[in-house]
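S.K.: with the input below, show me the fold.
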Amino acid sequence: MSANIQRVRTSELELKEKLVNVGRVTKVTKGGRTFTFSALVVVGDGNGIVGHGLGKAREVSEAITKATEDAKKNLVKVPILHGTIPHEQLGKFGAGKIRIAPASHGTGVIAGGAMRAVLESAGITDVLAKSLGSSNPHNVVKATVDALAKLRDPLTVANHRNISMKSVFNG
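M.R.: Reported below is the predicted structural model:
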């Protein structure tokens, strides 16, 4: 992930969780079949903070609990301007590639399953998104978080370039 990821304290946040995927794994042993479950969860406060986590256990509910705890350890801050993102961005993780672009007010979240969960949890209301690579939910979620972590707000860009905010928009 990019270097500008800001870690966020979870103690003062009101996080909502969304279950993205539950997978069942079967291990065949001498004594029969053993089932375990993996859960992929996205958490967010709906105001620019989002994270993802993976949990594995013999029970679905226990896997979801573990995934939620893991997600709270992987939170990133996302710049949101008027309900959308500041600029177009590509994200990549493994074979999962995604593209997100700002949209005008009233467009809504135009995104597929795993991407939609991440974008809505972050509090983005208007965005155009496209999954370009793998459709594996784990890679799509991680690529989406990668793209969101790479986003920069205009003030950060102005400070980085040592120019005024007005110059950022005018060229």
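S.K.: could you give the bridge partners of residue 50?
M.R.: residue 44, residue 76 (DSSP bridges).
S.K.: please begin residue numbering at 321 from this point
M.R.: All right, first residue 321 from here; so that's residue 370.
S.K.: that one - how many residues pack around it?
M.R.: Residue 370 has 31 neighbouring residues, counting by other Cβ atoms under 10 Å. Every C-beta, even on glycine, is put in place using the N, C-alpha and C of the backbone.
S.K.: from residue 444, how far off is it?
M.R.: 9 Å (Cβ to Cβ, to the nearest Å).
S.K.: show me whatever sits in contact with both of those two.
M.R.: residue 398 (Cβ atoms under 8 Å, 6 or more residues apart in numbering).
S.K.: list of residues touching stretch 385-400?
M.R.: Taking Cβ under 8 Å, 6+ apart as the rule, stretch 385-400 contacts 321, 325-328, 330, 333, 335, 337, 359-363, 367-377, 405-406, 442-444, 465, 468-469, 471-473, 476.
S.K.: mind doing that once more with 6 Å?
M.R.: Residues outside stretch 385-400 that contact it (Cβ atoms under 6 Å, 6 or more residues apart in numbering): 325-326, 328, 330, 337, 359, 361, 363, 368-369, 371-375, 377, 406, 442, 468-469, 471, 473.
S.K.: just the C-alphas of it, formatted as PDB.
M.R.: This file holds the C-alpha atoms of stretch 385-400, laid out as PDB (Å, rounded to 0.1, in the frame of the first residue of the first chain):
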ATOM      1  CA  THR A 385     -16.000 -11.700  14.800                       C
ATOM      2  CA  LYS A 386     -12.300 -12.400  14.100                       C
ATOM      3  CA  ALA A 387     -12.600 -10.600  10.700                       C
ATOM      4  CA  THR A 388     -14.200  -7.600  12.300                       C
ATOM      5  CA  GLU A 389     -11.400  -7.400  14.900                       C
ATOM      6  CA  ASP A 390      -8.800  -7.700  12.100                       C
ATOM      7  CA  ALA A 391     -10.600  -5.000  10.100                       C
ATOM      8  CA  LYS A 392     -10.500  -2.500  13.000                       C
ATOM      9  CA  LYS A 393      -6.700  -2.900  12.900                       C
ATOM     10  CA  ASN A 394      -6.500  -2.000   9.200                       C
ATOM     11  CA  LEU A 395      -8.300   1.300   9.000                       C
ATOM     12  CA  VAL A 396      -7.400   4.000   6.400                       C
ATOM     13  CA  LYS A 397      -8.500   7.600   6.100                       C
ATOM     14  CA  VAL A 398     -10.100   8.500   2.700                       C
ATOM     15  CA  PRO A 399     -10.500  12.100   1.500                       C
ATOM     16  CA  ILE A 400     -14.100  12.800   0.400                       C
END
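S.K.: sounds good, over and out.
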